[in-house]
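Peer 1: Following is a predicted model, sequence given first.
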Amino acid sequence: MSWLIFVDKSDDRNISYVSVLIIADSNKANVYSGIVKWVKHSKKLGKKKTSYFNDFPGRYSQVLPLIEVSRAFSYFKGSNIRAMWFT
């Protein structure tokens, strides 16, 4: 079985965030079609940012069954990584 691994790192002043998603290659089309219309970069949301983040958990829960691993980590810059588990 093949896997697709997605890693994203974002920085916010003194804190960095890293997220990891792992999906089976066989679910690639389903995950893509499930998120392509609503995943946006927060810098491009403008005034819609609040409603986007309010709607995100419901939209994410629709594709979550197709995701094998979903993890997010936050850490203060210059320190060790601390884990926050979301699934």
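Peer 2: Structure's in. What do you need?

Peer 1: quick one: buried residues of the helix or strand where S19 lies?
Peer 2: Of the helices and strands defined by DSSP states H and E, S19 is found in strand 15-24. Residues of strand 15-24 classed as buried under the neighbour-count rule (16 or more other CB atoms under 10 Å) are 16, 19, 21, 23. The way it works is simple: take the backbone N, C-alpha and C, and place the C-beta from them, glycine included.

Peer 1: Walking through the chain, point out its helices one by one.
Peer 2: For the chain, applying DSSP state H gives helices covering 28-35, 49-63.

Peer 1: Out of the ones you listed, which gets nearest to H41?
Peer 2: Proximity of the helices of the chain to H41 was assessed by CB to CB; the nearest stretch is helix 49-63, lying at 10.5 Å.

Peer 1: Give me the helices and strands touching that closest one, please.
Peer 2: Counting contacts by 3 or more CB pairs under 8 Å, 6 or more residues apart in numbering; DSSP states H and E, helix 49-63 packs against helix 28-35.

Peer 1: ends of stretch 56-76, how far apart?
Peer 2: One end of stretch 56-76 sits 25 Å from the other (CA to CA, to the nearest Å).

Peer 1: right, I mislabeled it, should have said stretch 59-77
Peer 2: Taking CA to CA as the criterion, the two ends of stretch 59-77 lie 30 Å apart.

Peer 1: likewise stretch 40-49?
Peer 2: Here the two ends of stretch 40-49 are set 10 Å apart, with distance taken as CA to CA.

Peer 1: Point out where the chain drops to low pLDDT.
Peer 2: Using pLDDT under 70 as the threshold, the predicted model of the chain has low-confidence ranges 80-87.

Peer 1: The residue lying closest to S42 once chain neighbours are set aside and I15: what is the separation?
Peer 2: Counting by CB to CB, 6 or more residues apart in numbering, K49 is the residue found nearest to S42 once chain neighbours are left out, at 6.1 Å. The span separating K49 from I15 equals 18 Å under the rule CB to CB, to the nearest Å.

Peer 1: This completes my enquiry, with thanks.
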